[in-house]
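Participant: what's the 3D shape of this:
(2 chains)
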There are 2 protein chains.
Amino acid sequence: MFSFEIQATCPHTGARAGILHTAHGDIETPVFMPVGTQATVKGLLPRDLINDLDAKIILGNTYHLYLRPGHETIRQLGGLHKFMNWPRAILTDSGGFQVFSLSGLRKITEEGVMFQSHLNGDRHMFTPESTIDVQLALGSDIMMVLDECLEFPASHEAARVSMERTIRWARAAYAHYRAIGDDGNRACFPIVQGSMYPDLRRACAEQLLELNADGYAIGGLSVGEARPVMFNVTEETAPHLPAERPRYFMGIGDPEAILRVIAAGIDMFDCVLPTRLGRTGSAFTWEGRLNLRNARFARDGAPLDEACTCSTCTRFSRAYLRHLVTQNEVLALRLLTVHNLSFLLNLTRDARDAIRTGGFAAFLDASLTRLASH
Amino acid sequence: MFSFEIQATCPHTGARAGILHTAHGDIETPVFMPVGTQATVKGLLPRDLINDLDAKIILGNTYHLYLRPGHETIRQLGGLHKFMNWPRAILTDSGGFQVFSLSGLRKITEEGVMFQSHLNGDRHMFTPESTIDVQLALGSDIMMVLDECLEFPASHEAARVSMERTIRWARAAYAHYRAIGDDGNRACFPIVQGSMYPDLRRACAEQLLELNADGYAIGGLSVGEARPVMFNVTEETAPHLPAERPRYFMGIGDPEAILRVIAAGIDMFDCVLPTRLGRTGSAFTWEGRLNLRNARFARDGAPLDEACTCSTCTRFSRAYLRHLVTQNEVLALRLLTVHNLSFLLNLTRDARDAIRTGGFAAFLDASLTRLASH
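Facilitator: As a prediction, this is how the structure comes out:
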């Protein structure tokens, strides 16, 4: 069932347009995946994701769901799709990134990573095998292997040691997945690490190719490095991944970066930025980010973005959104999140259309110029 | 345009079924009106109120909207209906109740009430005339006159003095409304006061009849008195109001009380209880109120209420709702609010159907017995 089909490639950049076929529907790529950390994209119902955004796939966070409500609870209740009433595809991370960024004490051994819950300090352990088990219990369509998420900056030697452990973990996870989880209906992606060192990234990619995996992710970027470094490492790494498999850049979600990673040949990406901006009262627009707390919007009857056709922009004014934001009304989160996600999903769909019609290079230039003008 | 039509009366109780005709649509009565304090029913969009609940009228709070974003801002942006994108009817209170319950320092004079904003301590004054002006700026379909909201308990003498001021204010407000606001498309209701003293309530009602108002409200109940007292005062007061005009009980919203005030001849009521319960993780059911924080719901795949057909109960389990509540996810507020409002709106619609088919007395008995069994 799970497969990836490339429909068009850009002759001037690495960009590709394709379709991911999953047991929970087809996903046109490139695709931005909204993040539903705790079995909910904050403030939105599945019907909003479908009717307002036509999102085809969302992300769930294994670390959070493992802690609360627990993957066994979700399994007993019929899996994550049924639990949250989401009929389309779900990608879950391995939990590794959250273990490294959220939990308090953590200890890495060859076996896996011991950590304390950020909620109550309870001790837990994730191994390459156990995180596959958790994701199988959740019923994920696309799972990730456990990787070590190194801090930035890291020396070449530290990055090499860490990258090699990531490869050993990926082999262990993949063997477990092949043994108990690979029924053809789901997918499992290993993750390329190697910090900011192109030679390590390349070595990592080449060794992971031996797994003949369903797809490949690039992790450990957007962790504090300069943006040109991030784009450069992505551009250097993507060509070493098999052209016929989907490529997933973990954790990027601003308009400029989305365009640049698409140009580098990335097919999938996710980020909490659009929902986090919504929570803090900010909106993506072609005029730059708007902070709705700004008093200049108090009597502004215009929509967030004149060009936007989302269900927020066609119904509500900046003045109303500013009112909701300043009064801490939860509807602000919902309306801004719909707009921000819509902005990224539409940008990505436009990029896809441009790839398919051969105009991506021009679209990229024009869009980057437009974004940079504010 | 504004008118009230009685379709059926119960031969055994005071209950009536009717239709309020407004410039923003017809409203079948009895009707429960969801509260949208700050130009939003917390967490819900207008489309949810329409598609999920078929709510025909909502409440706005004049005190809050006067302070933020300001009634002149709302007027400039096309009125409250346009501001919040709500096409159906809106009832606004006079702001009096909030002035008395929320603001810090307040000083009552014959002219009106001076108060300090609960937001920043700024000083303001509401007069009978100014609160009509504010409500006209908002574009309310049904406005309330300014009344004095006396604390409970109050002596007969204090209640008499206060009630008489309420009448003088009602006369002033109504004269202003007749002069500048009474275009036939909207309505204005005076408010019967008199604390827990039936003789004062009757005297107040009789004097307010001289205004030949569009409808009448009963205020100053559900303020701390025993429930039998509240029901008794309502039953004693309603018959002194003109049968052909709508009667509005201000601030009641639990299932038992709704049934009892309907039986007393009340046509309209509102309360923040269903939304407030939603915010605190609780739900109305025929098994009593459920607190979703309770661990017994952790793996409960059943809906909140087996008999409920709302969009929450048909899609989500108690276990999922408990997960959202315990993780402080905003979706919990939204899903529980939809259910709680649906519960009250459906209860009220069932009461209306029973009145129209002659079975209200039996429906009342059966429903009260069912509610009391938990």
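
Participant: dump the residue contacts of the spatially closest residue to A:H156 that is not a sequence neighbour.
Facilitator: Among residues not flanking A:H156 along the chain, A:Y197 sits closest, at 5.6 Å (CB to CB, 6 or more residues apart in numbering or on different chains). Yep, even glycine has a C-beta here, placed from its N, CA and C like the rest. Contacts were defined as CB atoms under 8 Å, 6 or more residues apart in numbering or on different chains; by that measure A:Y197 touches A:H156, A:A159, A:R160.

Participant: how many neighbours does the first one have?
Facilitator: Read that as A:H156. 13 (other CB atoms under 10 Å in any protein chain shown).

Participant: Tell me the spacing between it and A:L150.
Facilitator: Separation of A:H156 from A:L150 (CB to CB, to the nearest Å) stands at 12 Å.

Participant: Mind listing the shared neighbours of those two?
Facilitator: Jointly contacting A:H156 and A:L150 under the rule CB under 8 Å, 6+ apart are A:S195.

Participant: and stretch A:274-293 with chain B, contact?
Facilitator: No. Judged by CB under 8 Å from any CB of the partner chain, stretch A:274-293 and chain B are separated, with a smallest distance of 9.0 Å.

Participant: and that stretch, which residues are buried?
Facilitator: A:274-275, A:277-279, A:281-286, A:290, A:292 (16 or more other CB atoms under 10 Å in any protein chain shown).

Participant: Mind putting those into JSON lines with pLDDT and secondary structure?
Facilitator: As requested, the buried residues of stretch A:274-293 are exported to JSON lines (pLDDT from 0 to 100; DSSP: H, G, I helix; E, B strand; the rest coil):
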{"residue": "A:P274", "pLDDT": "97", "secondary structure": "helix"}
{"residue": "A:T275", "pLDDT": "95", "secondary structure": "helix"}
{"residue": "A:L277", "pLDDT": "97", "secondary structure": "helix"}
{"residue": "A:G278", "pLDDT": "96", "secondary structure": "helix"}
{"residue": "A:R279", "pLDDT": "95", "secondary structure": "helix"}
{"residue": "A:G281", "pLDDT": "98", "secondary structure": "coil"}
{"residue": "A:S282", "pLDDT": "98", "secondary structure": "strand"}
{"residue": "A:A283", "pLDDT": "98", "secondary structure": "strand"}
{"residue": "A:F284", "pLDDT": "98", "secondary structure": "coil"}
{"residue": "A:T285", "pLDDT": "97", "secondary structure": "coil"}
{"residue": "A:W286", "pLDDT": "96", "secondary structure": "coil"}
{"residue": "A:L290", "pLDDT": "98", "secondary structure": "strand"}
{"residue": "A:L292", "pLDDT": "98", "secondary structure": "coil"}
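
Participant: Nearest to chain B, out of these: which one, please.
Facilitator: A:R279 (9.0 Å; CB to the nearest CB).

Participant: ok, now which ones touch the residue lying closest to the closest one once chain neighbours are set aside?
Facilitator: Sequence neighbours aside, A:L333 is the residue nearest to A:R279 in space, at 5.3 Å (criterion: CB to CB, 6+ apart). Shown in contact with A:L333 (CB under 8 Å, 6+ apart): A:K42, A:G43, A:G278, A:R279, B:V330.

Participant: so what's the backbone phi/psi at A:V325?
Facilitator: Phi and psi for A:V325, reported as degrees, to the nearest 10, are phi -60, psi -50.

Participant: next one: A:V192
Facilitator: According to degrees, to the nearest 10, A:V192 has phi -80, psi 120.

Participant: Next one, pLDDT for it please.
Facilitator: Confidence at A:V192, expressed as pLDDT, is 98.

Participant: Let me know whether it touches A:L208 as I believe.
Facilitator: Yes. Counting by CB atoms under 8 Å, A:L208 is a contact partner of A:V192 at 6.3 Å.

Participant: Who has more neighbours out of these two?
Facilitator: A:V192 (33 against 26).

Participant: can you pull up the bridge partners for that one?
Facilitator: A:I218 (DSSP bridges).

Participant: if we can go back for a sec, for the contacts of A:L333, give me a markdown table that also has distance to B:D254.
Facilitator: Listed next are these as a markdown table, based on distance: CB to CB, whole Å:
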| residue | distance to B:D254 |
| --- | --- |
| A:K42 | 30 |
| A:G43 | 28 |
| A:G278 | 34 |
| A:R279 | 33 |
| B:V330 | 25 |
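
Participant: of those residues, closest to A:A263?
Facilitator: A:G278 (26.6 Å; CB to CB).

Participant: what residues are up against that closest one?
Facilitator: By CB under 8 Å, 6+ apart, the neighbours of A:G278 are A:K42, A:G43, A:A332, A:L333, A:R334, A:L335, A:L336, A:T337, A:H339, A:N340.

Participant: residues of whichever helix or strand the fifth one is part of that come out buried?
Facilitator: When elements are assigned from DSSP states H and E, A:R334 belongs to helix A:330-356. The neighbour-count check on helix A:330-356 (16+ other CB under 10 Å) flags A:330-348, A:351-352, A:354-355 as buried.

Participant: try stretch A:151-165
Facilitator: Across stretch A:151-165, burial judged by 16+ other CB under 10 Å covers A:A154, A:A159, A:R160, A:S162, A:M163, A:E164, A:R165.

Participant: and the second one, what is it in contact with?
Facilitator: Read that as A:A159. A:A159 makes contacts with A:L150, A:Q193, A:G194, A:S195, A:M196, A:Y197, A:L200, as judged by CB under 8 Å, 6+ apart.

Participant: Out of those residues, which is nearest to chain B?
Facilitator: Using CB to the nearest CB, A:L150 comes nearest to chain B of the contacts of A:A159, at 29.0 Å.

Participant: and the closest residue to that closest one other than its chain neighbours, what element?
Facilitator: In this structure, A:L150 finds its nearest non-sequential neighbour in A:S162, 4.6 Å apart by CB to CB, 6+ apart. Secondary structure assignment for A:S162, by DSSP H and E: helix A:156-180.

Participant: likewise A:L368?
Facilitator: Using DSSP H and E, A:L368 falls within helix A:360-372.

Participant: residues making contact with that helix?
Facilitator: By CB under 8 Å, 6+ apart, helix A:360-372 touches A:10-13, A:15, A:255-256, A:259-260, A:262-263, A:286, A:347, A:350-351, A:354.

Participant: quick one: the residue of the stretch 101-250 of chain A found nearest chain B and A:D133, what's the gap?
Facilitator: Using CB to the nearest CB, the closest approach of the stretch 101-250 of chain A to chain B is made by A:L119 at 9.3 Å. From A:L119 over to A:D133 the distance is 21 Å, taken as CB to CB.

Participant: neighbour-wise, which of those two wins?
Facilitator: Comparing A:L119 with A:D133 by other CB under 10 Å, the one with more neighbours is A:D133, at 15 against 12.

Participant: That one belongs to a strand, doesn't it?
Facilitator: No. A:D133: not assigned to a strand; according to DSSP: H, G, I helix; E, B strand; the rest coil it is helix.
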